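# Pasted the sequence and its predicted model underneath.
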Amino acid sequence: ILTGASGVGKEVLANFIHNQSDRKEQAFIKINCGAIPESLLETELFGYENGAFTNARKEGKVGLIELANKGTLLLDEISEMSMPVQVSLLRVLQEKKVRRVGGTKSIPIDVRIIAASNKDLHKMVKQGQFREDLFYRIAVIEIAIPSLKDRKKDIRPLIDHYLTYYCKRFRLDKQLTEECY
């Protein structure tokens, strides 16, 4: 699980983890749990079968967990996930199988989950706002990413990196004076 304030680079680190892993040739699926209404999140994650609900597509839909099979699934803003969806996700992680909404068949999966949150999940667990069993299932390795304001020594290398990148990209020859640093 990756934790830190908004904008610290949790998704950048998730990309790095995936790209340095044995799963780098496989799918890397990202979903922002806070950006999808609760009623849709379950079907996005788990998929659904034909006739699972009114207006469902005739052919059903493969869920993101299934699409990430053999690869990596980033659950960004996992703290925004409702309790019922947390229960379903916990079952998938425990059983290593996913069942589409409205389905009867369990589909074996092998997926690495990277979760990210800008909220204090420890506190949310204590307050009963996040399932403790799911927290311990996803927090096998917890990486707290400090804000850039707490890593002032990283500012100059970042400036140098992006200045070089954009100068090459736009064929410019720009430099910063020492006063800028």
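Thanks, I have the structure now.
# From now on I want contacts and neighbour counts done on CA atoms only, so please keep to that.
Fine.
# who does the helix or strand containing L74 touch, helix- and strand-wise?
Taking DSSP states H and E as the definition, L74 sits inside strand 72-76. Secondary-structure packing of strand 72-76 (3 or more Cα pairs under 8 Å, 6 or more residues apart in numbering; DSSP states H and E): helix 10-19, strand 28-32, strand 112-117.
# most packed of these?
Most buried of those by mean neighbour count (mean count of other Cα atoms under 10 Å) is strand 112-117; its value is a mean of 22.
# where's that one relative to the chain centroid, distance-wise?
5 Å (Cα atoms, centre = their mean, to the nearest Å).
# That strand pairs with which strands?
strand 2-3 (parallel), strand 72-76 (parallel) (DSSP bridges).
# The strand holding L74 to strand 28-32, inter-axis angle?
10 degrees (axes from the mean of the first three to the mean of the last three Cα atoms, to 10 degrees).
# Quick check: buried residues in the following helix or strand past strand 72-76?
The helix or strand immediately downstream of strand 72-76 is helix 83-95, counting by DSSP H and E. Using 16 or more other Cα atoms under 10 Å as the test for burial, helix 83-95 gives V85, Q86, L89, L90, V92, L93.
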